[in-house]
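A.B. asks: fold the stuff below for me.
(4 chains)
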Number of protein chains: 2
Amino acid sequence: MTPLPKDEAKRKRIIAAAIRVFAHDGLSNGKIATIAEKAGIGKGTVYEYFSSKEEIFAAVFKDFFNQMIAGYTQLIDAPMDPVKKIELVFDYSYDYLDQLLEDEHGQDWLIFLEIFLQGFRDEFKGIGKLSFSTVLREIYNIFKPFVDEGIQAGVFKPLDSEHVTFILFAALDGISLHYFINRDHYDNEKLKTITKEIFLNGLLKPQTEGA
Amino acid sequence: MTPLPKDEAKRKRIIAAAIRVFAHDGLSNGKIATIAEKAGIGKGTVYEYFSSKEEIFAAVFKDFFNQMIAGYTQLIDAPMDPVKKIELVFDYSYDYLDQLLEDEHGQDWLIFLEIFLQGFRDEFKGIGKLSFSTVLREIYNIFKPFVDEGIQAGVFKPLDSEHVTFILFAALDGISLHYFINRDHYDNEKLKTITKEIFLNGLLKPQTEGA
DNA sequence: ATATTATGACCGACCAGTCAGTCATAATTG
DNA sequence: CAATTATGACTGACTGGTCGGTCATAATAT
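C.D. replies: Numbers count the residues shown, from 1 in each chain, chains lettered A, B, ... in the order given. As a prediction, this is how the structure comes out:
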């Protein structure tokens, strides 16, 4: 009834389990045995799908950024006013966080940080040739075009778009991190509003005055 | 029966060594033997000063935040225009990073992330009862008074100062993180300028128009 | 349809390496 | 010499990865 081909679904189950384990315990403390257990398979089987712990983590890493890139790309793919796009990106980010946090897997979002940390550690640079800074710049580059667009159109101040994009995404990322830990003390909607208030108005060219 | 520190200087040396080791290898992979070696003492001696690895890390954690809090507090202690204070804080942050990065201890700044990560994990499971979110809010509270001041004085927009402070510090933190990894691709001065341009103008009440 | 054989996914006991923490001893100090 | 401090060899617990064996299913034969 159930055929047993080497199963893509099982591979996915392992990755999903690994996310939870690495998020909760870290790459170093997360145990293969726990991953296997959570995936509902034997420990040996894990090694039928991945050749090492680090390879599992690399898969998690890839998965994470691919989803992130796909999410943002899709979000701002349609032609749209640059201002609207920025608002969308901010709103989406907060909502994405809330979704992560409300999820039954309480601490899964920590994988975010673990990946960040491992990404920074240069030992990790080798694995699957994933360069963290390259991946990050890939993400900045999703945003840069519409920052450019806004500047071209004279809606945004004529600042260096490369640096502006960097600041926008980095700031958003920091806000996400802090929101994770302090979410109980702040109001999602208020944060959304104020974030947009500050960033948009900081970015928009004053319309009434020709400074 | 942890003996009292016999030699405060040696204790400091252990902490300094621990910072480098934990920064480079992480809490879990960093070895006591390495810390001892870097501190120029025997492994057993470490246990004369700290009763466990986690206790060492807790000391690093405390040390880090105390320095951070002291730095910012001192920076903005003098009476000063709120706008000037914000500019100071931004400039100081970038300069502090550059100082960390130019330091001979190449990767020491990673302790920043390691602390962050461990801080997030289960609110740092009891160790020394350090609550990470509490520490963070202690830091926000350094900034909040002058945000309040700026709002009272009608210089800043009348936004909720609690949320504004959160966003400011969180954003700054994120920018720091990204600056760490991508510093080679961006210009410190340009980032400083643009950061202030965006944040200050987003925060300042438009003076010419009475919307 | 049923028996026989081939396949490879699955498993977990085991091994070899690692490391936090201990403790018997050595060095140092007063 | 006694007390204090330093030390590193040692140990026990732990875990990543391996490997020989099992068994459900597929393929083939009758």
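A.B. asks: please report phi then psi for the most centrally placed residue in chain A.
C.D. replies: Centroid check for chain A by C-alpha atoms, centre = their mean gives residue A:68 as the closest residue, at 4.7 Å. Dihedral pair for residue A:68: phi -60, psi -50, per degrees, to the nearest 10.
A.B. asks: how about it: what's its closest non-neighbour residue?
C.D. replies: residue A:139 (6.9 Å; C-beta to C-beta, 6 or more residues apart in numbering or on different chains). C-beta here means a position set from N, CA and C on the backbone, and glycine is covered the same way.
A.B. asks: just to revisit the earlier point, could you report the distance from the residue nearest to the centre of chain A to DNA strand D?
C.D. replies: According to C-beta to the nearest atom of the strand, to the nearest Å, residue A:68 stands 26 Å off from DNA strand D.
A.B. asks: then residue A:107?
C.D. replies: Distance from residue A:107 to DNA strand D, by C-beta to the nearest atom of the strand: 18 Å.
A.B. asks: my guess is that residue meets residue A:23, correct?
C.D. replies: Yes - contact between residue A:107 and residue A:23 holds when scored by C-beta atoms under 8 Å: they sit 5.5 Å apart.
A.B. asks: pLDDT wise, what is whatever residue of chain A ends up closest to DNA strand C at?
C.D. replies: Proximity of chain A to DNA strand C (C-beta to the nearest atom of the strand) peaks at residue A:44, 1.7 Å away. The pLDDT attached to residue A:44 in the predicted structure is 92.
A.B. asks: the helix or strand hosting it close to DNA strand D?
C.D. replies: Assigned by DSSP states H and E, residue A:44 belongs to helix A:43-49. Yes - on the criterion C-beta under 7 Å from any atom of the strand, helix A:43-49 is in touch with DNA strand D at A:43-44, A:47.
A.B. asks: what sits up against that helix?
C.D. replies: With contacts defined as C-beta atoms under 8 Å, 6 or more residues apart in numbering or on different chains, helix A:43-49 is touched by A:6, A:10-11, A:14, A:32-33, A:35-36, A:39, A:56.
A.B. asks: which of the residues you listed are close to DNA strand D?
C.D. replies: Answer for those near DNA strand D (C-beta under 7 Å from any atom of the strand): A:32-33.
A.B. asks: quick one: which two of the contacts of helix A:43-49 are the most distant?
C.D. replies: Within those, A:6 and A:33 form the most distant pair, 21.2 Å apart (C-beta to C-beta).
A.B. asks: more neighbours: those two, which one.
C.D. replies: Using other C-beta atoms under 10 Å in any protein chain shown, the more surrounded residue of residue A:6 and residue A:33 is residue A:33, with 12 against 8.
A.B. asks: can you pull the contacts of the more buried one?
C.D. replies: Residue A:33 touches residue A:43, counting by C-beta under 8 Å, 6+ apart.
A.B. asks: that one and residue A:53, how far apart?
C.D. replies: 11 Å (C-beta to C-beta, to the nearest Å).
A.B. asks: out of residue A:107 and residue A:23, which sits in the busier spot?
C.D. replies: residue A:23 (22 against 16).
A.B. asks: distance check, the residue of chain A closest to DNA strand C against residue B:134.
C.D. replies: 44 Å.
A.B. asks: please apply the same query to residue A:161.
C.D. replies: From residue A:161 to residue B:134 the distance is 39 Å (C-beta to C-beta).
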